[in-house]
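Enquirer: Build me a model:
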Amino acid sequence: MLQTELRAMRNSCVAGLKSGLLFVMLLSCSTDEPVTTTAPALATLPELSSVTAATELRLQTLSTKPWLITGGDVLVELMLPENGNPAALQVSLNGVAITSSFRPVSALRLQALLTDLPLGDSTLQASLGNNSATASLLLTNYPISGPIISGPHETPFYCQTEEFQLVTGALLGPAQNSNCAVVPRVDYVYWSTTDAVFKPWPQFNAGFAPLDLTQISVNGSSAVPYIVRVETGTVNRSVYEIAMLHNPADAQPDPWTRSAQWNGKLVYTHGGGCRGGWYQQGNSTGGVLREGLFAQGYAVVSATFNVFGNNCNDLLASETHIMVKERFIEQYGVPIYTIATGASGGSYQSHQTADNYPGVFDGIIVSSSFPDVTSATIFTLADARLLHYYFTAVNQESFTLEQQRAVAGFGAWGSLPNLSRGAARLDPLYGFDTALEEQGGELSIPALENLRFSNNLPDGVRATVYDHTINVYGMVANTLIAQRPLDNVGVQYGLAALNAGVISPQQFIDLNRDIGGFDRDMNHVPERHVADPAASKRAIESGRILFGGAGLASTPVIDYRSYTDHSEDGDIHMIVHQYSTRQRLQLANGHANNHVMQIGGAWGFTADAPDLGELFRQMDQWLLAIASDRSDADQQLKVERNKPARLTDACWDNTAGQHTRINEIQTYTGGSRCSELYPAYPTPRQVAGAPLANAVVSCHLRPINTADYSVEFLDEQFMELRRIFPDGVCDWSAGDATGARYQGTWLSFGPSPINRI
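Expert: Prediction:
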């Protein structure tokens with residue numbers, strides 16, 4: 001009966017929050033997280049402790065949300081009311097007394113690691129004997145293999161535990177089942193002074209110290225043996241690693257016994273990539289043996305699903321973040337804070353988990369960044385492939401290389417073919433003799449190649465980012481093809497180049513008449529491609545297109561990079577994407593004061609390259625200052641006003657052998673020394689008039705207007721332009737044509753029914 005009441009309470013809270021009855025619902029639904037009021041709100045679900053208004057006895061989960069427990073374990077905390085008598089406490093789980101499982105951690109707080117929860121719902125109850133103080137908490141447990149919020153598991157799926165190399169150099173070994181599970185294990189390695197590599201710790205003699213054992217200084221304190229404890233296991237079909245400095249002669253860590261060399265703070269590392277990132281477990285994480293981080297005292301975690309080259313799906317990455325952090329807390333305790341860090345594909349994950357699942361990360365330090373893969377990256381790749389095909393297969397003579405570059409917007413012509421190759425992640429068709437700029441169907445697992453989609457195998461696996469995210473986008477009716485949020489109707493390619501006089505009116509007309517679009521299989525077709533409205537709507541509503549106004553609004557963000565826009569061979573990691581993220585924060589929150597940009601630093605942790613280590617020290621100060629701010633100010637204001645004074649926008653002048661820091665606000669439009677050293681260039685869509693935020697899938701259309709153009713068209717040319725755009729051209733100022741809006745945090749695509757979208 002009580003489980004039924006608690007489930008009803010959950011449903012009541014969600015319904016009330018959806019309807020906007022925030023004041024009423026917040027009185028009866030306690031929460032320790034900010035509630036989003038984005039209309040229509042689906043708000044972060046409260047912790048749902050049924051505490052009567054007259055008492056303060058409270059139960060809460062520490063390792064995860066109470067409705068997202070995995071693996072049968074959960075770390076819980078019980079808080080007594082003032083003057084509560086711990087001796088009178090009675091706690092039960094599903095009617096079985098478990099009071100003895102709780103241990104005091106302060107005068108009024110007790111904690112317990114609950115284990116062996118059955119799948120589904122369990123009821124945790126607490127009371128103070130004859131006292132009227134009572135509390136109940138509904139716990140919902142899912143398999144350790146997942147899923148919890150990302151929808152049904154992808155098939156086929158290839159396990160790679162036998163390829164995964166442990167920190168000792170040995171292989172992880174065969175998976176136990178089809179979910180690629182292994183028994184968690186712990187290994188120790190030490191850094192060798194003679195060989196400058198990590199070596200397995202000689203466990204056969206606990207009192208034995210190898211002669212080549214290095215010492216490491218932690219935060220400038222006295223040196224300790226450079227021995228690293230690494231736990232390796234699987235959650236969510238992904239291999240995870242957890243690493244920290246720890247002497248094996250000391251007591252093993254648990255939620256209440258911290259390693260003496262751990263500062264209580266956690267860094268989650270990520271890997272980049274995307275192409276080929278599907279249908280596989282992955283055989284590498286973002287890397288956890290990080291000397292620079294160990295020297296600052298951090299524990300380091302990562303998982304194979306948090307390398308985008310293994311898993312190009314930010315929702316699945318977020319789910320893995322949630323489950324890996326749950327595992328960490330249940331084994332080592334609640335960290336003081338968690339920093340996400342990663343470059344390129346690691347930045348997608350850091351941005352989107354911080355925004356969509358607030359509380360998993362407290363701060364993020366990203367590099368070579370993009371807002372997300374769905375909009376900023378894919379729009380640019382798709383347009384680059386269209387333009388490259390046009391310039392090489394449709395109209396090879398009319399445009400000089402400089403004119404092609406101006407139409408694309410990039411800082412180097414080489415980025416046009418480079419990014420066309422990158423569009424392989426959108427293309428399900430592999431061709432043995434196809435040029436790389438038109439290639440698709442990329443798989444990282446040779447064993448899956450015989451299952452790959454082709455014209456002869458129409459039901460084969462489609463190796464695309466959309467099909468890998470089919471739980472979000474849904475299927476095209478009567479097919480196995482994912483819908484896609486990709487559109488170029490009304491896009492005036494080369495508009496800025498035309499208005500700047502770089503291309504002629506006739507070139508502009510020819511380009512937009514003949515550029516065409518892509519069919520479902522990324523074949524070039526004469527018609528423009530049209531987004532599936534449902535897919536666009538879900539991408540925007542669920543945060544696959546980064547919003548920036550949810551959890552990210554109150555998350556400290558440091559975005560650093562090296563400059564690659566002028567690379568002769570081209571590079572996808574263009575600085576414009578950094579500005580797009582900042583613009584989204586500005587549009588969503590009215591400011592981007594929590595966002596720091598630095599360019600051209602010596603990004604390392606050494607004396608010769610100290611600038612990345614300094615960013616971690618500055619982030620540490622920032623997060624600790626926020627945590628110490630006990631004022632009634634909202635979290636966004638706390639983040640703004642507690643930013644360290646030394647942590648500012650900056651760039652480095654590395655010309656003529658110098659390395660000189662310049663402190664100034666980084667601006668997309670130029671007008672500063674930093675923008676002279678590191679100029680930003682537009683994407684093809686921005687050349688066509690799209691806004692800097694670059695978050696519009698399908699634009700609203702409006703009639704062609706002569707005011708759009710700084711050049712004059714002949715009458716017959718303008719008539720042809722009207723024929724090219726019979727329904728009008730993009731009105732970028734009107735936002736996305738779907739009218740969709742972000743729907744809130746902690747959303748689920750199943751199996752969890754809470755905040756189901």
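Enquirer: For Ala645, grab phi and psi.
Expert: phi -60, psi -30 (degrees, to the nearest 10).
Enquirer: any idea where the helices of the stretch 301-450 of the chain begin and end?
Expert: Along the stretch 301-450 of the chain, counting by DSSP state H, counting those that start in this stretch, helices occupy 314-332, 345-356, 378-389, 401-408, 415-422.
Enquirer: Find the residue at the geometric middle of this protein.
Expert: Gln349 (1.4 Å; Cα atoms, centre = their mean).
Enquirer: how far away is the closest residue to that one other than its chain neighbours from Asp433?
Expert: Once flanking residues are discounted, Gln349 sits nearest to Ala317: 4.5 Å by Cβ to Cβ, 6 or more residues apart in numbering. C-beta: built from backbone N, CA, C; applies to glycine. Distance, Ala317 to Asp433, using Cβ to Cβ, to the nearest Å: 34 Å.
Enquirer: of the two, who's got more company?
Expert: Using other Cβ atoms under 10 Å, the more surrounded residue of Ala317 and Asp433 is Ala317, with 28 against 4.
Enquirer: My guess is Cys674 contacts Glu664. True?
Expert: Yes - Cys674 is within contact range of Glu664, at 5.7 Å (criterion: Cβ atoms under 8 Å).
Enquirer: Which neighbours do these two have in common?
Expert: Counting by Cβ atoms under 8 Å, 6 or more residues apart in numbering, the common neighbours of Cys674 and Glu664 are Ala650, Cys651.
Enquirer: Mind checking which of the two has more residues around it?
Expert: Cys674 (24 against 14).
Enquirer: Quick check: which element contains that one?
Expert: Element membership of Cys674, judged by DSSP states H and E, is helix 673-677.
Enquirer: from the middle of its chain, how far away would that helix be?
Expert: Centroid separation between helix 673-677 and its chain, computed with Cα atoms, centre = their mean, to the nearest Å, is 29 Å.
Enquirer: what does that helix contact?
Expert: By Cβ under 8 Å, 6+ apart, helix 673-677 touches 563, 599-600, 650-651, 653, 655, 662, 664, 666-670.
Enquirer: Need the per-residue pLDDT for the closest residue to Gln666 other than its chain neighbours.
Expert: Among residues not flanking Gln666 along the chain, Met597 sits closest, at 4.3 Å (Cβ to Cβ, 6+ apart). Here the pLDDT value assigned to Met597 is 99.
Enquirer: And the one 5 residues further on, by the same measure?
Expert: Among the per-residue scores, Ala602 shows a pLDDT of 96.
Enquirer: Also Val24?
Expert: Looking at Val24, its pLDDT stands at 28.
Enquirer: now swap in the one 5 residues further on and tell me
Expert: According to the model's per-residue confidence, Cys29 sits at a pLDDT of 36.
Enquirer: Just say helix, strand or coil for the closest residue to Glu326 other than its chain neighbours.
Expert: Spatial nearest neighbour of Glu326, excluding adjacent residues (Cβ to Cβ, 6+ apart): Thr64 at 4.1 Å. Using DSSP: H, G, I helix; E, B strand; the rest coil, the structure places Thr64 in coil.
Enquirer: Tyr427 is in contact with Tyr466, isn't it?
Expert: Not Tyr; residue 427 is Asp. No - with contact defined as Cβ under 8 Å, Asp427 does not reach Tyr466; the gap is 10.4 Å.
Enquirer: List buried members of the contacts of helix 673-677 by neighbour count.
Expert: Among the contacts of helix 673-677, those buried by neighbour count (16 or more other Cβ atoms under 10 Å) are Tyr563, Ile599, Gly600, Ala650, Cys651, Asp653, Gln666, Tyr668.
Enquirer: how about low-confidence regions in this protein?
Expert: 1-55, 131, 204-207 (pLDDT under 70).
Enquirer: list the contacts for the residue nearest to the centre of the chain?
Expert: Going by Cβ under 8 Å, 6+ apart, Gln349 touches His270, Asn306, Phe308, Asp314, Ala317, Ser318, His321, Ala340, Gly342.
Enquirer: Looking at those residues, spot the one nearest Ala423.
Expert: Nearest to Ala423 among the contacts of Gln349: Phe308, at 15.8 Å, using Cβ to Cβ.
Enquirer: Just give the number of residues close to the nearest residue to the closest one once chain neighbours are set aside.
Expert: Computed as Cβ to Cβ, 6+ apart, the closest residue to Phe308 that is not its neighbour in sequence is Gly345, at 2.7 Å. Gly345 has 29 neighbouring residues, counting by other Cβ under 10 Å.
Enquirer: Test my guess that Leu721 contacts Asp715.
Expert: No - counting by Cβ under 8 Å, Leu721 stays clear of Asp715, with 10.7 Å between them.
Enquirer: Between those two, which has more neighbouring residues?
Expert: For the pair Leu721 and Asp715, the greater number of neighbours falls to Leu721 (20 against 7), based on other Cβ under 10 Å.
Enquirer: I'd like the buried ones among the contacts of helix 673-677 as JSON lines, with distance to Asn177 and secondary structure appended.
Expert: Formatted as JSON lines, the buried ones among the contacts of helix 673-677 follow (distance: Cβ to Cβ, whole Å; DSSP: H, G, I helix; E, B strand; the rest coil):
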{"residue": "Tyr563", "distance to Asn177": "47", "secondary structure": "coil"}
{"residue": "Ile599", "distance to Asn177": "47", "secondary structure": "strand"}
{"residue": "Gly600", "distance to Asn177": "49", "secondary structure": "coil"}
{"residue": "Ala650", "distance to Asn177": "50", "secondary structure": "strand"}
{"residue": "Cys651", "distance to Asn177": "51", "secondary structure": "strand"}
{"residue": "Asp653", "distance to Asn177": "56", "secondary structure": "strand"}
{"residue": "Gln666", "distance to Asn177": "50", "secondary structure": "coil"}
{"residue": "Tyr668", "distance to Asn177": "50", "secondary structure": "coil"}
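Enquirer: now the strands: where do they sit in the stretch 451-600 of the chain?
Expert: 517-518, 524-525, 557-561, 595-599 (DSSP state E, counting those that start in this stretch).
Enquirer: Is it correct that Val729 is in contact with Gly490?
Expert: Yes - with contacts counted by Cβ under 8 Å, Val729 reaches Gly490, the gap being 4.9 Å.
Enquirer: Can you check which residues contact both of those two?
Expert: Leu701.
Enquirer: what sits against Ser733?
Expert: Here Ser733 is in contact with Pro691 (Cβ under 8 Å, 6+ apart).
Enquirer: try 10 Å this time
Expert: Gly689, Pro691, Val696, Cys699, His700, Arg702 (Cβ atoms under 10 Å, 6 or more residues apart in numbering).
Enquirer: and these, which are buried?
Expert: By neighbour count, with 16+ other Cβ under 10 Å, the contacts of Ser733 hold Gly689, Val696, Cys699, His700, Arg702 as buried.
Enquirer: biggest separation within those residues, which pair?
Expert: Farthest pair in the buried ones among the contacts of Ser733, by Cβ to Cβ: Val696 and Arg702, 13.7 Å.
Enquirer: got any residues that touch both of the two?
Expert: Common neighbours of Val696 and Arg702 (Cβ under 10 Å, 6+ apart) are Cys730, Asp731, Trp732, Ser733, Ala734.
Enquirer: The third one: which element?
Expert: Spelled out, that is Trp732. strand 729-736.
Enquirer: do you know how far Asp608 is from Leu436?
Expert: Separation of Asp608 from Leu436 (Cβ to Cβ): 37 Å.
Enquirer: Please identify which of these two sits among more neighbours.
Expert: Leu436 (11 against 7).
Enquirer: Chain neighbours aside, what residue packs nearest to the more buried one?
Expert: Among residues not flanking Leu436 along the chain, Arg421 sits closest, at 4.8 Å (Cβ to Cβ, 6+ apart).
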